[in-house]
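S.K.: Here you go, sequence then predicted model.
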Amino acid sequence: MDVRALKEMAAEAALSYIQPGMVVGVGTGSTSNLFIDALGRAQIHVEGYVASSLATEARLKSLGLPVLDLNATGDIPVYIDGADEIDPHFRLIKGGGGALTREKIVASAARRFICIADNSKDKPALGSFPLPVEVIPFARSFVARQLVKLGGSPVLRKDVTTDNGNVILDVTGLDLTDPLAMEMRINSIPGVLDNGIFAQRRADVVLMGSESGLISRAADTQA
């Protein structure tokens, strides 16, 4: 079974968390795109979808699915999105697709965050995937120097401008044994909009496609 099929398995499973009349947050990236395609086939009669990026908004609209502005919805029942890494405590690294800040906003506005992925994203600890940090362009060099002081090696993601008009630094070498502390520490650097550690707002449910079938884990069942 190829990786796409594993992602599709998780994406299809996430449909069960959507009820008619809901407002649903939708993430960004390859797995989220497969979920959007599944939404198009399912045609669940929801109130609408809140997109975490302009790309997601365009994909939803291309399938005739209603898109809502988060400012008009308030808190939402459920948010469904992928991840670049998932640890055993439901903490994530996200942002490979460049939408990390809006993803974190929509995830934080949601009562339940359902993370969908193939099982290659299942890691014993975070840190092998470069950590995306969204930075105001004016502060790029300053922020990079502060990230070096934290032990990181930042690299500017070339030819990328976020939906918010900013740049992304991909950082390797950081000690993520305490992801929450590092998330907050990086976000305290002036010029940082947000970073791709999702520890303060972890996933509530993880759905992973694997060769042996769907793996489903819920945070409230963990010891």
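M.R.: Perfect, I can see it now.
S.K.: and the longest strand along the chain, how far from the chain's centre?
M.R.: Ranked by residue count and defined by DSSP state E, the top strand of the chain is strand 110-118. Mean-position distance between strand 110-118 and its chain equals 9 Å (Cα atoms, centre = their mean, to the nearest Å).
S.K.: Likewise for stretch 16-33?
M.R.: With Cα atoms, centre = their mean, you get 12 Å for stretch 16-33.
S.K.: and if you look at stretch 147-156?
M.R.: Taking Cα atoms, centre = their mean, one finds stretch 147-156 lying 22 Å from the centre of the chain it belongs to.
S.K.: Look at that stretch and report the distance between its end residues.
M.R.: Using Cα to Cα, to the nearest Å, one end of stretch 147-156 lies 12 Å from the other.
S.K.: got a pLDDT number for Thr221?
M.R.: pLDDT, Thr221: 59.
S.K.: ok, the residue nearest the centre of the chain - contacts?
M.R.: Ranked by distance to the mean C-alpha position of the chain (Cα atoms, centre = their mean), the top residue is Lys94 at 4.7 Å. Contacts for Lys94 (Cβ atoms under 8 Å, 6 or more residues apart in numbering) come out as 81-84, 100, 103-104, 132, 196, 198. (C-beta placed from N, C-alpha, C; glycine too.)
S.K.: what's the closest non-adjacent residue to it?
M.R.: The shortest distance from Lys94 to any non-neighbouring residue, by Cβ to Cβ, 6 or more residues apart in numbering, is to Gly196 (4.9 Å).
S.K.: Which residues are in contact with the one you found?
M.R.: Counting by Cβ under 8 Å, 6+ apart, Gly196 makes contact with 84, 93-95, 100, 131-133.
S.K.: Let's see that with 10 Å instead.
M.R.: Neighbouring residues of Gly196 by Cβ atoms under 10 Å, 6 or more residues apart in numbering: 83-85, 92-96, 98-101, 103-104, 126, 129-134, 168, 170-171, 183, 186.
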